[in-house]
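**Q** model this:
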Amino acid sequence: MKRLLLIMTLFAATAAPLAANAQDAGPPAPASGRQVSLSSVIATIKGRQPGRHLNTTVGEAGGRPAYIVQWQLPDGRVVIFIVDAESGQILSRQGG
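**A** Residues are numbered from 1 along each chain as shown. You can find the predicted model right below:
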């Protein structure tokens, strides 16, 4: 339970500035004009990591549009994936 609280705190600290940017400017506009669909991102994660999708926030990572995806593992642990919104590439994974 302490681990879940730590992961959720980490997510809140990471996502708050990203969510604030997303709320101020609306959804990020990809430089290429194309953004992969959320369903495609979820399918990519599901293909690499068993579990289920909990929540997604749209924001930025490294100045690029990104999806911040909360994913629950079968054992209940939560992982945060940062995914490039233009390429669909998983940039980082936190927790789990």
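**Q** mind listing the strands the host helix or strand of I80 pairs with, and their directions?
**A** Secondary structure from DSSP states H and E places I80 in strand 78-84. Strand 78-84 sits in its sheet next to strand 64-72 (antiparallel), strand 90-95 (antiparallel), going by DSSP bridges.
**Q** most packed of the ones you listed?
**A** strand 64-72 (a mean of 21; mean count of other CB atoms under 10 Å). The way it works is simple: take the backbone N, C-alpha and C, and place the C-beta from them, glycine included.
**Q** residues in contact with the closest residue in space to G88 that isn't next to it in sequence?
**A** Closest residue to G88 apart from its sequence neighbours, by CB to CB, 6 or more residues apart in numbering: V36 at 4.0 Å. Applying CB atoms under 8 Å, 6 or more residues apart in numbering, we find V36 in contact with 85-88.
**Q** break down the protein into its helices, ranges please.
**A** 2-25, 38-48 (DSSP state H).
**Q** just give me the lowest mean pLDDT stretch among those.
**A** Note on the helices of the chain: lowest mean pLDDT is at helix 2-25, with a mean of 51.
**Q** could you list which residues are in contact with the closest residue to S92 other than its chain neighbours?
**A** In space, and not counting its chain neighbours, S92 is closest to I82: 4.5 Å by CB to CB, 6+ apart. By CB under 8 Å, 6+ apart, I82 lies in contact with 61, 66-69, 90-94.
**Q** can I get these in TSV with distance to K46 and pLDDT?
**A** What follows is these, written out as TSV (distance: CB to CB, whole Å; pLDDT from 0 to 100):
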residue	distance to K46	pLDDT
A61	21	94
A66	18	97
Y67	14	98
I68	17	98
V69	11	98
I90	12	96
L91	17	97
S92	18	96
R93	14	97
Q94	18	95
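**Q** from the residues you listed, which is closest to I42?
**A** Nearest to I42 out of the contacts of I82 is V69 (CB to CB; 7.4 Å).
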